[in-house]
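**Q** using only what follows, build the 3D model:
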Amino acid sequence: MRTDHIKLGLKENWKQFSLLVIVNAFVGGMVGMERSTMPQLAENEFGIKANTAILSFIILFGISKAITNYFTGILSNKYGRKRMLVLGWLIGIPFPFILIYAHSWGWIVFANIILGVNQGLTWSSTVVMKIDLVGERRRGLAMGLNEFAGYLSVALVAFFTSWIAEKYGIRPYPFYIGIFLVGIGTLISVFFIKDTGDHVMKESLDSQVRRLKNVFWETTWKDNSLGSVTQAGLINNLNDGMMWGVMPIWLLTKNFSLSQMGIIISVYPAVWGLGQLLTGTLADKLSKKKMLQMGMLVQAIAILLFLWASTFFDFVLLSAALGVGTAMVYPTFLASIAENTHPSDRAGSLGVFRLWRDLGYAIGAILTGLLADAFNIEMSIAFIAMVTFLSAVVLFFRMPESKRDLASNQLNDPKSCITKDELERILVERPKQVVIIDVRSKEEYAAMHIPGALNFSSGSLDAFLNSLSKNVFIVTVCGKGGGRSEIAAGQIRTQGFHSARSLCGGTFGWNTVAQDAA
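**A** Just a heads-up that it's a prediction; the model follows:
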């Protein structure tokens, strides 16, 4: 079989994974160019009102990126992930040149459509390829690293383009960065990135996740887990569209300088990007449902408090808070979708999720624009805060805890022993991630032991533990489930295996139940 040589895991595929992280940083930088310069480009170069320019840009960008996300998911299974990635870069090549040389606003609008297609193809491909590489474990960390690279790059490029624009003018110098980004991104993708189709096949052989009957509708809403994540993704980007579209206009009315605006706007994606290094790891260890709930709630509170902000410090602090909330949900969205889909359905389901998520840009721009025109900007901000809060409520009532999260919650509580029923369930769900260690003497072990349990003396146990990944779940066993196994579990936890627990009832309890059942 051609997948025999394929290994799944972050450590096992670190070279390709690292290249994909770098590529995604270039992808994010393409968006960053316009985050802080669009209002000035519209007004100074083309005489277009800033609010009209920004909102029309976000609507077109959001729709083109959303539709491209969907078809990237479908086509990547048929033609390969790498081909979609390279195609995205090739389509993006004209983008910075149009921004530099455009003589009418229509060309800028066309460039933003190109940017949406570029982002849909490239960002979607890097996301799916990273999930393919790491397999079931550490998906949250993988997505945290991916989104960290992309959105930190958004922040850095947004800051530097605003600084260059203030110092040297809005065109052409800020957009020279784009020529560098698209050039290097294309070269790395063509010559160094490898396709991950074999990794998908490898994981599919062992996957126990059910196949989706209708990928589009189950991801959109019918499946309680997938649908709950999808609605939260849409609302998240709806309020991101507010930060992108309405916030620069509002900051202009507060008489902030261009450099101050650049800092306020860039703090949000910077915290968002950096925070995902932590929140991605937490998504692998904590309840994904609770991570999503808390993240959306933090966002809602931060957006609402913008209404009372007045100083530069107020806006920077709340921008950072919004970044924290977004960091909590972004890698968790993608890890949740991957966890609840079969490897063969994954690209399509992620494409549907990213379709609705990025339509949030367009929906948010339209709603905030209508509310700002009918009432004022403050009303549109209050509305965004309200719907973000309601999204958290939907997650609370509709999204179930995944079996993996329920098991993880049990494993992370070392204060009590694990029951035979709990251990049997985990052995069924994750047989390769459980190690049972019998800490009794060789004679006791020979007389009776649990099937699959390993017997170690203290000296040989230390050497064995050094050979294990810290992600495995270790269960210690003695005769009756008392002192020896509890002491051993405590000692093992001090060596980095924080979820290690002893077995309730020990070997005798396990075998007594088995004999009674017989």
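
**Q** quick one, strands of the stretch 301-450 of the chain?
**A** Assigned strands in the stretch 301-450 of the chain, in chain order: 434-438 (criterion: DSSP state E, counting those that start in this stretch).

**Q** ok, the chain next?
**A** 434-438, 454-455, 473-477, 501-502 (DSSP state E).

**Q** describe which strands the second one pairs with in its sheet and in which direction.
**A** Strands that pair with strand 454-455, judged by DSSP bridges, come out as strand 434-438 (parallel).

**Q** residues in contact with the strand it pairs with?
**A** 423, 426-427, 445, 449-450, 452-456, 461, 468, 472-478, 488, 492, 503, 507 (Cβ atoms under 8 Å, 6 or more residues apart in numbering). In this view, the C-beta of every residue, glycine as well, is placed from N, C-alpha and C.

**Q** what about P248, how many residues nearby?
**A** Around P248 there are 23 other residues, counting by other Cβ atoms under 10 Å.

**Q** excluding its backbone neighbours, what's nearest it?
**A** P39 (5.1 Å; Cβ to Cβ, 6 or more residues apart in numbering).

**Q** quick one: the helices in the stretch 151-300 of the chain?
**A** According to DSSP state H, counting those that start in this stretch, the stretch 151-300 of the chain carries its helices in the segments 176-191, 197-206, 215-217, 224-253, 258-285, 288-305.

**Q** switch these over to TSV; also include mean pLDDT.
**A** Converted to TSV, the helices of the stretch 151-300 of the chain look like this (pLDDT from 0 to 100):
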stretch	mean pLDDT
helix 176-191	97
helix 197-206	85
helix 215-217	96
helix 224-253	87
helix 258-285	87
helix 288-305	96
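
**Q** could the ones you listed go into TSV alongside distance to W356?
**A** TSV is the format used below for the helices of the stretch 151-300 of the chain (distance: least, Cβ to Cβ, whole Å):
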stretch	distance to W356
helix 176-191	26
helix 197-206	23
helix 215-217	10
helix 224-253	5
helix 258-285	20
helix 288-305	15
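
**Q** if we can go back for a sec, just the buried members of the contacts of strand 434-438?
**A** Applying 16 or more other Cβ atoms under 10 Å to the contacts of strand 434-438, the neighbour count classes 423, 426-427, 445, 449-450, 453, 455-456, 461, 472-478, 488, 492, 503, 507 as buried.

**Q** what's next to stretch 373-391, contact-wise?
**A** Applying Cβ under 8 Å, 6+ apart, the contact partners of stretch 373-391 are 231-232, 235-236, 238-239, 242, 246, 249-250, 253, 296-297, 299-301, 303-304, 306-307, 364, 367-369, 371-372.

**Q** show me which of those residues are buried.
**A** In those, burial by neighbour count holds for 231-232, 235-236, 238-239, 242, 246, 249-250, 296-297, 299-301, 303-304, 306, 364, 367-369, 371-372, counting by 16+ other Cβ under 10 Å.

**Q** contacts only, for the residue lying closest to G144 once chain neighbours are set aside.
**A** Leaving aside its chain neighbours, G144 sits nearest to G280 (1.6 Å; criterion: Cβ to Cβ, 6+ apart). Shown in contact with G280 (Cβ under 8 Å, 6+ apart): 140-145, 147-148, 331, 335.
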